[in-house]
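K.L.:
Fold the following and give me the result.
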Amino acid sequence: MELAEKIEALPAEPGVYLFKNERGKVLYVGKAQNLRSRVRSYFAAGGDGRPQVPHLVERARDVEVLVLPTVKDALLLENELIKRHKPPFNVRLRDDKQYLLLRLDPREAWPRLTLVRRFGDDGASYFGPYTSSASMHESLANLRKLFPLRSCREGVFRDHQRRGRPCIEYEMKRCAGPCVGLVSAEEYGSLVHGTALFLRGRSQELRDELRASMQRAAAEERYEDAARLRDRIEAVERTVERQQVVSERPVSRDVFALARDGGEVELQALAVRDGRLIGNASHSFSDVALDDGALLASFLGQYYGSGGADLPAEVLTPAPIEDEGALEALLRERAGRAVYVHAPQRGPGRELVELAETNARLALGRRLGARESVDAALAELQERLGLAQLPRRIECYDVSTLSGSLAVGSRVVFEDGKPRKADYRRYRIRQAAGGDDYDCLREVMRRRLDKVEAEPLPDLLLVDGGKGQLAIVSAALADRGLSVDAAGIAKERDAGSPSLRVRRSGGLKAERLFLPGRKDAVSLPPDSRGLLLLQRVRDEAHRFAIEFQRALRMRAGLTSVLEDIPGIGPGKRRALLRELGSLRAVREATAERLREVTGLSVRDAETIRAFFEGLAGESAAAAEGAGEGSSVPKEASDLRPDADRGPDVEADVERPS
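P.N.:
Have a look, this model is predicted:
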């Protein structure tokens, strides 16, 4: 009765509503033009016909609402609340910061394309999102051949500007050379404009403008410019030819469709610009109880809610969405023109939706097939290794040292055969002797098990190594009174082979799996799905450890001479390198140029100049005293070895970026 009374007292205004269970956890977030009417429909006889409603109502114990001016504002807030609370009855689009975007700011003196992961309301143009980094980098590489904008940072740009010599990107015809005046501001502006048109898919408009510029250059007898424009037109046409024509009308559309198999849903998005299909993206969801209309409404609210994308003229869906006009209102406001959202029933629009549905079914089939393959691999491991449960979550540990120094450890985590990079960890060995792999692993395991309450143990704890490493892991678990399946994976021994992977007599070394309390290793066939999965996990742990060690080696082996300048702290050092571009540029800069650096005073500039002049005098004296039989290494004043000084590590366990 309390909940029923609360529902009757709800306002009949636009806003969002949150259903909660008895513990206050948010179960579902929705939006409505009329909050009272919408929430009341959930508790009417038979519900509103959606399959998830009876399950939601059964668990709901409270409802909270937030009144907003319009349903469009409710759509934006719904998007943020879904991200924050992760309610089980909503679908959740992957966070927008994970996607790659191309940013182009035409207000810069010499604009360039940069890679970012968030839209910004800063006046710049954003293109994307790109769900595949490989496809984005391929697009960017092709684009730079058509419109060679600079790709260097400001510091590098100014460094080449000072030298009066362009970089190798100019020689490779992937940069127009604005740093040394090899392109006028007007011509560079046309490259920026052409880049924006191409990324927006307005290829016909781009070709018309290029043809007009070519004819104008030919009429003015600027034949070299006309030839360059002709080549650019041909390159654009070759690129456009590779794009599939899906509509006779030069219209821009985003097309969405989905495929289902029980609670598994695959949603496909096609981007059509000027009637040509320029890209697609697939989004996967599991345990989905929403019907198609509610699912599409929730998905599109999150997809477009972050803003910044180049909006089409139409958004096509396979079924009408339940948003009461909120999405159209939002898109209209952001695009500055009408953007229509509808579900076509016939004609070219329906054909596009069917094309998206075909791709969604194919993507869902591939995903479910891959899941079956992973399930088979996990079942094989459980059976052959005698594991207590299916090893859906596997943690693998590796230790790496460099000649007894810079010892590091790594942890990688795989869930259902896929890496879970948010749970990766890096360990800088602090107490164990660097040359003792066993002691290093013991320290890593101790630090891991110290956090067992916050991070529960996996189904399988894997270590890169044989019986010795596995014994360390087993002892660490026994000391804490913990029990979990553990295993070691190592290559077979062949002392006469110079390679870690290849036998002396040829062929690859066999993998051996070690289990606690078992004398002999377990051997799985080379083509075993379970073995291939464990190899992948082990190789990932090894790669992760080596990358961390390499980063530490670079930081520990070379200490910047800037750290030795009195009165120049970290902030000023960063400003010097950011604005001048390199250590050499700092060393060669005049006092006047140093005073232009943000945050540096006249006294700082004089101190830096005097410091480098003193170093130059010392180097000259050392070279003169050494005679002709020796020489001072190039860049000796830039980088100096400092073996006694290790890198500063902020945290006991470093997470990957």
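K.L.:
what residue ranges in the stretch 301-450 of the chain score low on pLDDT?
P.N.:
Along the stretch 301-450 of the chain, the model assigns pLDDT under 70 to residues 306-310, 402-405, 434.
K.L.:
the helices in it, which residues?
P.N.:
Here the stretch 301-450 of the chain has its helices, by DSSP state H, counting those that start in this stretch, at 326-335, 347-385, 437-449.
K.L.:
likewise the stretch 1-150 of the chain?
P.N.:
Going by DSSP H, counting those that start in this stretch, the stretch 1-150 of the chain shows helices at 2-8, 35-42, 53-59, 71-85, 133-146.
K.L.:
contacting residues around Phe299?
P.N.:
91, 93, 256, 267, 283 (Cβ atoms under 8 Å, 6 or more residues apart in numbering). The C-beta positions use only the backbone N, C-alpha and C, and glycine is treated the same way.
K.L.:
same thing but 6 Å
P.N.:
Neighbouring residues of Phe299 by Cβ atoms under 6 Å, 6 or more residues apart in numbering: Val91.
K.L.:
next one: Leu576
P.N.:
Leu576 touches 586, 597, counting by Cβ under 6 Å, 6+ apart.
K.L.:
got the buried residues for the helix or strand where it lies?
P.N.:
For Leu576, the host element (DSSP states H and E) is helix 570-580. By 16 or more other Cβ atoms under 10 Å, the buried positions in helix 570-580 come out as 572-573, 576-577, 579-580.
K.L.:
Please apply the same query to stretch 343-360.
P.N.:
343-344, 348-349, 352-353, 355-357, 359-360.
K.L.:
Name the residues that touch it?
P.N.:
So stretch 343-360 is in contact with 247, 255, 257-259, 266, 268, 270, 316-320, going by Cβ under 6 Å, 6+ apart.
K.L.:
Only the buried subset of these, as a ChimeraX command please.
P.N.:
Applying 16+ other Cβ under 10 Å to the contacts of stretch 343-360, the buried members can be selected in ChimeraX as follows:
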select :247,255,257,258,259,266,268,270,316,317,318,319
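K.L.:
Could you single out the nearest of the contacts of stretch 343-360 to Arg366?
P.N.:
Glu266 (9.0 Å; Cβ to Cβ).
K.L.:
secondary structure class for that closest one?
P.N.:
For Glu266, the assignment made with DSSP: H, G, I helix; E, B strand; the rest coil gives strand.
K.L.:
Make 55 the starting number, not 1.
P.N.:
Sounds good: first residue 55 from here, last item Glu320.
K.L.:
Quick check: the gap between it and Ser179.
P.N.:
Look at Glu320 and Ser179: by Cβ to Cβ, to the nearest Å, they are 31 Å apart.
K.L.:
and if you look at Arg627?
P.N.:
From Arg627 to Ser179 the distance is 33 Å (Cβ to Cβ).
K.L.:
List the residues that contact Ala629.
P.N.:
Per Cβ under 6 Å, 6+ apart, neighbours of Ala629: 651-653.
K.L.:
which of the residues you listed tops the neighbour count?
P.N.:
Counting neighbours by other Cβ atoms under 10 Å, Val651 leads the contacts of Ala629 with 19 neighbours.
K.L.:
hang on, that one is in a helix, isn't it?
P.N.:
No. Secondary structure of Val651, determined by three-state DSSP: coil, with no helix assignment.
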